[in-house]
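*Asks:* sequence unknown, structure follows:
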Ligand SMILES: Nc1[nH]c(=O)nc2c1ncn2[C@H]1C[C@H](O)[C@@H](COP(=O)(O)OP(=O)(O)OP(=O)(O)O)O1
């Protein structure tokens, strides 16, 4: 079910979401475009394939946090990133609310390297393992891969796995 209104925006200050980042690197190959995913080895979302990211630290800009997490988790240095979206995830009946800022690494260097948090692997963009990713990814990743920018909100069921309600729309971050 899709609903187009901002539930989280109406929450009191103490319930406002925590900022997190998520960065994706892409490359062109003879077999077509590929995107870098990492298998989360510990913490929130263990066992899922995802981009690289984490919590924004106090006093840190979101963009700096995005680059830092990519380097810490995948050994990749992004010299230029582009904001492509922000998504709010609501879990545990509003006890756990995250605002995840999504970036594409536009210029980057370094060989992706396994860290204690993530095991990186390139995936063909037409063969992503959605069954092993967060359920919301199948909704917004087609927009991301098409070069679009977007915002949305996903409210998870009590199982923290399947989506109860969501909205998603294209947006501009120029
Ligand atoms: N529903 C969801 N869909 C998605 O695609 N990414 C999500 C998501 N919910 C969270 N994420 C991302 C945001 C962030 O990059 C990551 C979780 O952040 P962290 O790696 O900081 O979590 P941890 O519990 O491992 O925290 P640390 O103890 O700080 O390492 O998962």
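*Replies:* Perfect, I can see it now. Everything quoted here is computed from the prediction, not taken from an experiment.

*Asks:* Please count neighbours and contacts with C-alpha atoms only from this point.
*Replies:* Will do.

*Asks:* for the ligand, what are the nearby residues on the chain?
*Replies:* Near the ligand, the residues belonging to the chain are 20-22, 43-44, 50, 52-55, 89, 100, 134, 136-137 when assessed by CA under 6 Å from any ligand atom.

*Asks:* Any figure for the gap between the residue lying farthest from the centre of the chain and the ligand?
*Replies:* When distances to the mean C-alpha position of the chain are computed (CA atoms, centre = their mean), the maximum falls on residue 30, with 26.4 Å. Computed as CA to the nearest ligand atom, to the nearest Å, the residue 30 to the ligand distance reads 27 Å.

*Asks:* re the thing from before, pull out the buried members of the residues of the chain next to the ligand.
*Replies:* For these, burial is judged from neighbour counts taken by 16 or more other CA atoms under 10 Å, and it is met by 20-22, 50, 52-55, 89, 100, 134, 136.

*Asks:* Could you point out the helix or strand that follows the longest helix along the chain?
*Replies:* As far as residue count goes, and with DSSP state H defining each element, the longest helix of the chain is helix 62-74. Next along the chain after helix 62-74, taking DSSP states H and E as the criterion, comes strand 77-91.

*Asks:* Figure out how far whichever helix or strand comes after that next one is from the centre of its chain.
*Replies:* Using DSSP H and E, the helix or strand that follows strand 77-91 towards the C-terminus is strand 96-109. Relative to its chain's centre, strand 96-109 lies at 6 Å (CA atoms, centre = their mean, to the nearest Å).

*Asks:* Tell me the helix or strand right after strand 96-109.
*Replies:* Remark: after strand 96-109, the chain's next helix or strand is strand 118-124, criterion DSSP H and E.
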